[in-house]
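> Next come a sequence and a model predicted from it.
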Amino acid sequence: MANLQTITQPKQTFSRFEIIWMSLWAITFCIGVAGSMGQASSQDAFEILVLSITLGITQAIVFRLRQMGQNLQDQPNLSLTLFFIQVILWVTLVLSSPFWLIHLFSMVVQMHQHLVRRFALGLDLLMFLGALFQQIEVFGFTLLNLSVWVILSVMGYVFGLWMYSIINDSAERLRLLEELQATQAELIAAEHREGMLAERGRLARDIHDTLAQGYIGVIMHLEAADGMKASKPEKAEFHLQQAEKMARVGLTQARQVVNDLRPDLLEKSETPAEALRALLADWSTQSGIESSLSENGDPADTHPETEITMLRTTQEGLANIMKHAQASAVQVTLSWIGDQVVLDIEDNGIGFEHDPDETASDPFAMSGFGLHAMNERVTQSGGELFVESAPGEGTTVTAILPLSQTNKDESNREMG
């Protein structure tokens, strides 16, 4: 019986860069609140508190939108409104206390993260004008004051343009990497399809040239014997003997065809683990994703069909990881437990979630993950397939397979 286990967790879409600057935003915000409240009168303190809370609320909205995975650059009206409100609040606060100047650059960086460039630069200008008016209010209008403001404004603009360039370059590199991974996955899938078609053609030729011709000969001899068994029993016996010989030759040829179906990796390897290590090494070279294999328990003799299922399941799992998981590492584990072998394929990718109502009839019928085919192969070998996944937590596919054909038959009878 197939099982599917998932754990639903909130989506986390923050990059390391975003986490750093959100943290800096919060720190400088707290400094601005504490510094301005400390030197303000009771009435001014109340106004500062209201403005600060409103500024914090707008930032909470930005945080929540990003937590939901939304790209604010794709919503220019909403993002411009949010950050325009933030800038107006900040200008009002900085005119009441110079402590808010420390909050300037963290706001500048965040605006360049989430706004299109012309909007971000326009809001930069408003903030720098607010900083200039604050300095004029404290020190008066002087040439030195103006010069310092011009220098800081130019530095701020250059810094903002630099940040915008970094963000765009990172997004472009990510897009190119995703395209490369998609292309690699398509090439692997195309090679797999071509290999399957070539294998089918070879099997068709082998069956036609050996088994089919042999069966025709057997039928001809049996028909001849049937026609002569009354009138010419000696010749009938001869035809029966020839039919028996041809049937035995056909049985040998059938066994040879079956043996030819065994993958080259298993033929060239002494153990299933050795075959899987070779598979992982080739796959890591093609995908650029780190992989490793470990064993638990004492390796036992495994039925050839189980070995093929282990190999094919691992191949399908690796193909899914390359196509969907966005992982950087894969761990494959073989555990020999009694009369079973347990195959675990674990990645550190983005994971996934599903709607139990949509997959109740077939928990593995999820488009794009190839789990249905994997489950069918494992079930046909008398095993079970389990999946554990959650957004942001990676995915683990576990196949529990019987070591022997006898165990498989018993398992199938129980399922029947």
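Perfect, thanks for sending it.
> Do you have the helices of the stretch 151-300 of the chain handy? List them.
Assigned helices in the stretch 151-300 of the chain, in chain order: 213-228, 233-260, 264-268, 272-287 (criterion: DSSP state H, counting those that start in this stretch).
> how far out from the middle of the chain is the third one?
Centroid separation for helix 264-268 versus its chain: 29 Å, with CA atoms, centre = their mean, to the nearest Å.
> and it, what does it pack onto?
With contacts taken as 3 or more CB pairs under 8 Å, 6 or more residues apart in numbering; DSSP states H and E, helix 264-268 sits against helix 272-287, helix 304-320. C-beta: built from backbone N, CA, C; applies to glycine.
> now swap in the longest one and tell me
Applying 3+ CB pairs under 8 Å, 6+ apart, we find helix 233-260 packed against helix 143-206, helix 213-228.
> And those, which one averages the lowest pLDDT?
Among the helices and strands packed on helix 233-260, helix 143-206 carries the lowest mean pLDDT, a mean of 71.
> Find the residue ranges of the stretch 1-150 of the chain scoring beneath the pLDDT cut-off.
Along the stretch 1-150 of the chain, the parts satisfying pLDDT under 70 run over 1-17, 138-142, 145-146, 148-149.
> what about 50?
1-12 (pLDDT under 50).
> How about the stretch 301-416 of the chain?
Short version for the stretch 301-416 of the chain, where the test is pLDDT under 50: 356-363, 365-368, 407, 409-416.
> Can you pull the domain assignment for the protein?
16-141, 181-260, 266-415 (automatic domain parsing).
> closest to Ala247 out of the helices and strands packed on helix 264-268?
helix 304-320 (24.0 Å; CB to CB).
> the inter-axis angle of that closest one versus helix 272-287?
For helix 304-320 against helix 272-287, the angle between stretch directions is 20 degrees (axes from the mean of the first three to the mean of the last three CA atoms, to 10 degrees).
> which residue sits closest to the spatially most central residue of the chain in space, ignoring its chain neighbours?
By CA atoms, centre = their mean, the chain has its centre lying nearest to Ala325, at 0.9 Å. Excluding the flanking residues, the one nearest Ala325 by CB to CB, 6 or more residues apart in numbering is Gly349, at 2.9 Å.
> Contact partners for the one you found?
Contacts here follow CB atoms under 8 Å, 6 or more residues apart in numbering; on that basis Gly349 touches Ile321, His324, Ala325, Gln326, Ala327, Ser328, Gly394, Thr395.
> What strand or helix carries the fifth one?
With the criterion set as DSSP states H and E, no secondary-structure element contains Ala327; it sits in neither a helix nor a strand.
> That one: neighbour count?
20 (other CB atoms under 10 Å).
> Save the domains of the chain as CSV, and put in distance to Ser147 too.
Formatted as CSV, the domains of the chain follow (distance: least, CB to CB, whole Å):
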stretch, distance to Ser147
domain 16-141, 11
domain 181-260, 51
domain 266-415, 49
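> Out of those, which is closest to Ser165?
Comparing the domains of the chain by CB to CB, domain 16-141 comes nearest, at 9.4 Å.
> Can you give the distance of that closest one from its chain's centre?
36 Å.
> now the helices: where do they sit in the stretch 301-416 of the chain?
304-320, 371-380, 405-415.
> Please identify the most buried of those.
helix 304-320 (a mean of 21; mean count of other CB atoms under 10 Å).
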